[in-house]
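Peer 1: Dropping a prediction and its sequence here:
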Amino acid sequence: MSINLVKGQKIDLTKGNTGLSKLVVGLGWDPATIESGDLDIDCDSSALLLNEHGKLVKDENIVCFYNLASDCESVMHSGDNLTGDGHGDDEQISIDLARVPSDVHKILVVVNIYEADARKQHFGMIKSAYIRVVNAANNQELIRFNLTDNYSTMTALITGELYRNNGEWKFNAIGEGAHAAHIDYLAERYQ
């Protein structure tokens, strides 16, 4: 049974879920009705593997459309969806918790609109955005966080994070808007 989270809510993922190791983080969105002739809105999901101080210590710890796997291959990206069309997850990030290196304490999941400034696009033009975490072993959805705040003018969303706590993995529903038309700009906040 899936748990619907609200902004700021934290939940244990592995405590009470013996053997839970492989997860799929699904991100979905739909373009709001836009005038014909406008460009498709290209949302890009990414994962930042951060240390115990919340810092990105190397560029290889950015898993995104141009770097589909972390060096240790514990975090892997499904590839780029250029439009958000269709049903279900638009992009997925697979995480093998057992393989995450011990120096990685947080996996921050973010979404940004590619070339948002040049295309004059923002998350006010997106509807039905969500992040969900699924047990990859049985495809059971564990949690879902619908991103329902007004994110007009924002070009990036910090959706949530998986983090270590006393030997367990937890999830924090963040839902914070930001300005970054490319993952590299957003990553600078954590360097």
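Peer 2: In hand now; what should we look at?
Peer 1: element containing the spatially most central residue of the chain, please.
Peer 2: For the chain, Val109 is the residue whose C-alpha lies nearest the centre (CA atoms, centre = their mean; 2.9 Å). In this assignment (DSSP states H and E), Val109 forms part of strand 106-113.
Peer 1: What pairs with that strand, parallel or antiparallel?
Peer 2: With DSSP bridges as the test, strand 106-113 is paired with strand 43-50 (antiparallel), strand 156-165 (antiparallel).
Peer 1: next helix or strand past the last one?
Peer 2: Note on strand 156-165: by DSSP H and E, the next helix or strand toward the C-terminus is strand 168-178.
Peer 1: Ok, the first one next?
Peer 2: Reading on from strand 43-50 to the C-terminus, the next helix or strand found by DSSP H and E is strand 62-63.
Peer 1: Which residues belonging to the helix or strand of the chain with the lowest mean pLDDT are considered buried?
Peer 2: Least confident helix or strand, the chain: helix 116-119 with a mean of 88, by mean pLDDT, DSSP states H and E. For helix 116-119, burial by neighbour count (16 or more other CB atoms under 10 Å) applies to Ala116, Arg119. C-beta coordinates here come from the backbone N, C-alpha and C atoms, glycine included.
Peer 1: what's that helix packed up against?
Peer 2: Of the remaining helices and strands, none touches helix 116-119 by 3 or more CB pairs under 8 Å, 6 or more residues apart in numbering; DSSP states H and E.
Peer 1: now it, how far from the chain's geometric center?
Peer 2: A distance of 21 Å separates the centroid of the chain from that of helix 116-119, by CA atoms, centre = their mean, to the nearest Å.
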